[in-house]
Structures are given as structure tokens and as C-alpha cells.
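Chemist: Got a predicted model here, sequence first, then my questions.
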Amino acid sequence: MSEADKAKFLANSNYDAAAADADSNATMPTTGAKNGLVLGDLAGLDYNDPKWDQLLDQLTIKEMNTLISKGGYGSPAISSIGKLRVSDVDGPASLNNNFTGVGSIGLPSAVSVAATFNKELAHSFGDAIGTMAHDMQVSGWYAPATNTHRYAYAGRNFEYFSEDPVLAGSQVAEEIKGAQAKGVYAFLKHFALNDQETNRTHMLATWTNEQAMREVYLRPFEIGVKDGGAHAIMSAFNYIGPEYAGANSALLKNVLRDEWGFRGMVLTDYFAGYGYQNADQITRNGGDMMLATLDMPIATVNVQDAAGVTALRTASHDILYTVANSWMYENGQPEVTRNAWEYITWVVAGILILSLLGLEVVAIRRYRTRKAQAVITVEPNASIDEAGAENTEE
């Protein structure tokens with residue numbers, strides 16, 4: 001790399017959040033207010049509706065960090081604002097819950113859908129995903145994927161649509177519209193230039209120029225956002241030039257939000273740190289939520305200056321806006337109900353606890369009985385032999 005590019009190449013070892021915000025003019029947002037709103041009150045409202053500021057003022061820094069850091073296969077509950085825990089699951093051609101083992105029926109691969117050149121069929125694909133998501137109590141779908149087929153051996157070609165950006169984009173847009181018509185937000189992925197699986201988490205740097213990016217590699221995403229109305233994006237593992245795609249401000253802020261008008265959340269690809277993923281950098285540069293399944297400090301915003309908390313607030317806004325426009329909130333604030341399996345789990349746990357207590361009581365009683373039977377009473381001044389004889393007679 002050139003010296004200029006090397007200076008931009010950031011990883012966790014040389015990222016300094018405080019230094020990055022040294023020139024920021026941000027003011028500390030309000031937190032922990034008591035405005036009495038719940039998320040269901042904002043279902044269907046515009047992203048810039050003034051009520052959003054009132055709701056966001058109610059969040060504490062801890063709650064915002066919980067929201068952005070625990071985004072593995074769903075987003076967590078925030079009880080103070082009536083935010084339910086919702087489930088997001090893997091695709092690309094079905095719905096698969098990796099924790100419960102429950103999956104939907106499988107549909108044709110993205111390559112097959114693209115080969116039909118049939119928009120109605122692609123829309124039906126999305127509609128089927130949305131219908132099955134209701135059956136599985138799922139709100140988000142980690143698909144469709146629309147990176148470009150550059151060569152035959154790319155490891156994810158099976159879930160990408162085409163080498164042609166317009167064909168890919170038109171089919172992707174229809175799948176998104178079909179799913180989102182059922183209130184299921186589709187994570188358009190992997191944004192962007194993710195065309196290699198080998199070493200994809202090892203700071204793989206992808207190099208190209210802006211014209212090629214806009215005409216080929218970003219074009220299907222643009223169509224998915226503008227025509228498909230996507231409310232969710234999954235960023236990519238790779239670097240674009242010297243900058244990590246999941247914390248690339250030019251990509252996630254300038255192009256995605258400012259130029260294309262995207263409103264919704266940007267989720268990382270699987271979050272494990274990998275030496276370059278950290279929530280401070282991600283949220284300050286347009287990312288919102290970490291696809292993390294473990295608690296780790298690097299998945300939270302730890303430099304809580306005005307700029308850091310403002311970034312947390314923006315990320316929380318993006319996540320909550322997406323969830324509020326899902327089918328979970330289509331009738332306003334839902335009642336917090338438990339699934340049947342949760343009740344069954346508690347009943348089984350109760351039975352096991354009572355059984356263990358019962359076994360413990362039985363064991364103690366048996367021990368005391370055996371101990372009492374083993375006691376030998378010896379009269380004062382009696383010899384051991386006499387006591388043994390007396391005990392034998394008894």
C-alpha cells in the first residue's frame with residue numbers, strides 16, 4: 001500500500017475512538033428520561049417523526065449498549081420502552097434457527113431465481129419467506145445476498161444471483177418486497193464487494209475504483225434499497241481498500257443513507273472481533289448492531305463521550321425503527337406473552353427441582369436410619385467383649 005493508504009488502515013490495535021472524535025461538535029444527548037412512550041406508539045411513523053426523539057431520550061447508555069451489542073440472530077428486549085426480543089434467522093433460500101433447530105422448507109437457490117428472469121416468481125419467493133417467518137415467530141431474514149459473480153470459484157456464488165447487476169438487483173428487490181409485505185425485514189447482504197470466502201475474516205482488502213463499484217458491485221444493492229425498500233443491511237467482512245466495510249463511513253453514511261435514502265439498520269456479519277471489528281468504530285461510521293452471540297467488551301461503545309453516545313443513539317434509532325415496522329408491531333404495542341415452549345421449560349425445571357429435593361430427603365432419612373442401626377450402646381465400666389456379647393444377645 002501507499003503510505004497514505006497505510007495511514008487509513010485501522011484495526012483494533014491502532015484504533016483510537018477518542019482521537020477520531022477530537023474535532024467533533026456533538027453535544028451529550030438526553031438519557032433516562034421519563035416520557036412514557038413505548039415502541040408500539042411509534043409503529044408506522046416516519047423515521048424523522050419528533051416522537052422518536054422522545055422515545056430515544058428514555059434510553060439509558062446501558063440499554064443502548066445492550067441493544068447494539070447483542071444482535072446475534074435477533075435483537076434484545078428493552079423492557080423500559082416495550083421493546084420485545086425478536087428473532088432474526090439465517091437464509092438464504094429458507095429460514096433456519098440455529099439455536100432451536102427449527103427450519104422452514106427450502107426454496108430454490110438465488111442463481112435459479114435469477115435464471116428465470118421472472119419478477120413475479122421472485123416476489124412469490126419473498127412472500128413464501130414472509131409467510132413461513134410468521135409460522136416460526138421470526139421478524140428478520142438474513143438474506144437476500146446479492147454480491148456479484150466475478151468468477152466460478154467464489155465460495156458464496158450459490159447464494160448470490162448473477163454477474164449482471166441489473167438482473168440481480170431486480171430479482172432482489174422483488175424478494176425484499178414480498179417478505180416486507182408480510183412485515184419481515186430482509187437483510188440485504190453482504191455490503192459490499194464480498195466476493196471471496198477464503199481468508200474473508202483476515203483483513204482481506206478488496207481494491208477497485210469508484211466507477212466499477214457504482215456500475216457493477218453496488219448497483220444491485222442500490223436497486224434493492226431504492227426499488228425494494230430494504231429496511232435492513234448486513235455489512236461485509238472484507239476491507240474496501242484500507243477501510244473495513246462494516247465501519248466505512250463513505251459507504252454506510254454517504255452512499256447508503258445520504259444518496260440512496262436508506263432508513264433502517266446495518267448489522268455486521270458475524271461479530272467476533274477478528275482483530276478489526278469493534279463497536280466504537282462501527283457505530284461512529286454508520287453501522288448499528290453487532291451480530292454477536294457472546295458478551296464481549298469490544299461489542300459495546302466504551303468511550304462514552306458526547307460523540308460516542310450520539311452514535312449509540314443513532315444506532316438505537318435505526319434498530320428500533322426497523323423492528324417497529326415489522327409484523328410484531330403491526331397492531332401497535334403487543335402484549336408480552338411467552339411461547340408455549342417457555343412454559344413447558346419452566347414446568348419441566350420445576351418438576352426436576354422437586355424430584356431432586358425429594359431424592360435428597362430420602363437419602364438423608366436412609367443415612368440417619370443406617371447410622372442409628374450401627375450405634376453400639378456400651379454400659380459404664382463394661383468391657384468391649386461384654387458389650388459385644390450383650391449386643392449379640394440383643
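Modeler: Okay, I see it.

Chemist: Hmm, Ala93 is touching Ser104, no?
Modeler: No: counting by CB atoms under 8 Å, Ala93 stays clear of Ser104, with 9.5 Å between them. No exception for glycine: its C-beta is placed from N, CA and C like everyone else's.

Chemist: Rounded mean pLDDT for stretch 236-255, please.
Modeler: Stretch 236-255 shows a mean pLDDT of 97.

Chemist: Return the set of buried residues in it.
Modeler: The neighbour-count check on stretch 236-255 (16 or more other CB atoms under 10 Å) flags 236-248, 251-253, 255 as buried.

Chemist: Identify those among those residues that sit within strands.
Modeler: Among these, the members found in strands (DSSP state E) are Tyr239, Ile240, Glu243, Tyr244.

Chemist: Pick out whichever of those residues sits closest to Ala292.
Modeler: Tyr244 (15.8 Å; CB to CB).

Chemist: ok, for the closest one, nearest residue in space, not its chain neighbours?
Modeler: Tyr276 (5.4 Å; CB to CB, 6 or more residues apart in numbering).

Chemist: Please parse the chain into its domains.
Modeler: By the record's domain assignment, the chain is partitioned as 10-337, 341-393 (automatic domain parsing).

Chemist: gap between the two ends of stretch 294-308?
Modeler: 22 Å (CA to CA, to the nearest Å).

Chemist: Now tell me what touches that stretch from outside.
Modeler: 12, 17-18, 21, 24, 26-29, 61, 64-65, 68-70, 271-273, 277-280, 283-284, 290, 292, 309, 311-312 (CB atoms under 8 Å, 6 or more residues apart in numbering).

Chemist: Please repeat the previous calculation with a cut-off of 7 Å.
Modeler: Stretch 294-308 has contacts (CB atoms under 7 Å, 6 or more residues apart in numbering) with 12, 17-18, 21, 24, 26-28, 61, 65, 69, 271, 273, 278-280, 283-284, 290, 292, 311-312.

Chemist: now the ones in strands among the buried residues of stretch 236-255 in CSV, with distance to Gly44?
Modeler: Output for these, formatted as CSV (distance: CB to CB, whole Å):
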residue, distance to Gly44
Tyr239, 38
Ile240, 35
Glu243, 36
Tyr244, 34
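
Chemist: returning to that earlier point: ranking the domains of the chain by mean neighbour count, which comes first?
Modeler: domain 10-337 (a mean of 19; mean count of other CB atoms under 10 Å).

Chemist: any chance of the domains of the chain in a markdown table, plus distance to Met1?
Modeler: A markdown table is the format used below for the domains of the chain (distance: least, CB to CB, whole Å):
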| stretch | distance to Met1 |
| --- | --- |
| domain 10-337 | 6 |
| domain 341-393 | 52 |
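
Chemist: mean pLDDT lowest for which of those domains?
Modeler: domain 341-393 (a mean of 68).

Chemist: Let me know the secondary structure of Phe187.
Modeler: Under DSSP: H, G, I helix; E, B strand; the rest coil, Phe187 falls in the strand class.

Chemist: ok, the closest residue to Ala173 other than its chain neighbours - contacts?
Modeler: Closest residue to Ala173 apart from its sequence neighbours, by CB to CB, 6+ apart: Gly228 at 3.4 Å. Gly228 sits next to Val172, Ala173, Ile176, Lys177 when contact means CB under 7 Å, 6+ apart.

Chemist: What helix or strand is Gly228 located in?
Modeler: Per DSSP states H and E, Gly228 falls between elements, in no helix or strand.

Chemist: Helix, strand or coil: sort out Asn147 for me.
Modeler: State at Asn147, reduced to three classes by three-state DSSP: coil.

Chemist: how far away is it from Gln211?
Modeler: 18 Å (CB to CB, to the nearest Å).
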